[in-house]
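Q: this is a predicted model, with the sequence first.
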Amino acid sequence: GENVEQHPSTLSVQEGDSAVIKCTYSDSASNYFPWYKQELGKRPQLIIDIRSNVGEKKDQRIAVTLNKTAKHFSLHITETQPEDSAVYFCAASDPGTYKYIFGTGTRLKVLA
Amino acid sequence: DAGVTQSPTHLIKTRGQQVTLRCSPISGHKSVSWYQQVLGQGPQFIFQYYEKEERGRGNFPDRFSARQFPNYSSELNVNALLLGDSALYLCASNPGPGAVYGYTFGSGTRLTVV
């Protein structure tokens, strides 16, 4: 089945700098890759997603890139703000099933 | 428009007991998925239901069961609770089956087994 690895596990950046979180997946048939943001004690919230027929998607300060050949996808956050501090999870659709496989999460700290 | 609602928000149970968690999906959504999130880890898939039928099951023991009702709400039952069942249980709804839509998660039920 699908396996998703996520790096780094923690990331500290200065306010205004960029942050990049990377994930790799194992099954080349995966076709959907969402990213979730989870603040302490709250539910995961979908912040951006990408389908396998697209290489890049951008929404204001957030972008996701997908390299199908290398089987990896990345979340890019520009001009980071303190409110971006949270745990970020990547996920990949598991082909042939009805589930997502989540990465282990990245704790992002934006230092003011 | 209400989001995904889960109840209760917190629960403390003793080992060996049984628990029932409840979820109401977004209006119009017919698919409900259940995930377990242990502290410090990503959510792990437990079940997906669509149109009241089980569409997928994760690698969880038979102590875990679920069902979906005609109004598309869902219950997750866990029998013979173990300490390791302590986790945040998340319900997610989406319009249809499969993983082509972004889930909307509820706020979860935090279960503590003592």
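A: Received it, and whenever you're ready, just let me know what you need.

Q: and the closest residue in space to residue A:99 that isn't next to it in sequence, what element?
A: In this structure, residue A:99 finds its nearest non-sequential neighbour in residue B:45, 3.8 Å apart by Cβ to Cβ, 6 or more residues apart in numbering or on different chains. Backbone N, C-alpha and C define where each C-beta goes, glycine included. Per DSSP states H and E: residue B:45 is located in strand B:44-50.

Q: phi, psi for the closest residue to chain B within chain A please.
A: Nearest residue of chain A to chain B (Cβ to the nearest Cβ) works out as residue A:102 at 3.2 Å. The phi/psi pair for residue A:102 (degrees, to the nearest 10) reads phi -100, psi 150.

Q: spit out the contact partners of the closest residue to it other than its chain neighbours.
A: Excluding the flanking residues, the one nearest residue A:102 by Cβ to Cβ, 6+ apart is residue B:42, at 3.2 Å. Counting by Cβ atoms under 8 Å, 6 or more residues apart in numbering or on different chains, residue B:42 touches A:6, A:89, A:91, A:102, A:103, A:104, A:105.

Q: shouldn't the fourth one be in contact with residue A:4?
A: Yes - here residue A:102 lies in contact with residue A:4, judged by Cβ atoms under 8 Å, at a distance of 6.5 Å.

Q: identify the contacts common to the two.
A: Common neighbours of residue A:102 and residue A:4 (Cβ under 8 Å, 6+ apart) are A:90, A:91.

Q: picking that back up, bridging residues for the residue of chain A closest to chain B?
A: Note on residue A:102: beta-bridge partners residue A:91, judged by DSSP bridges.
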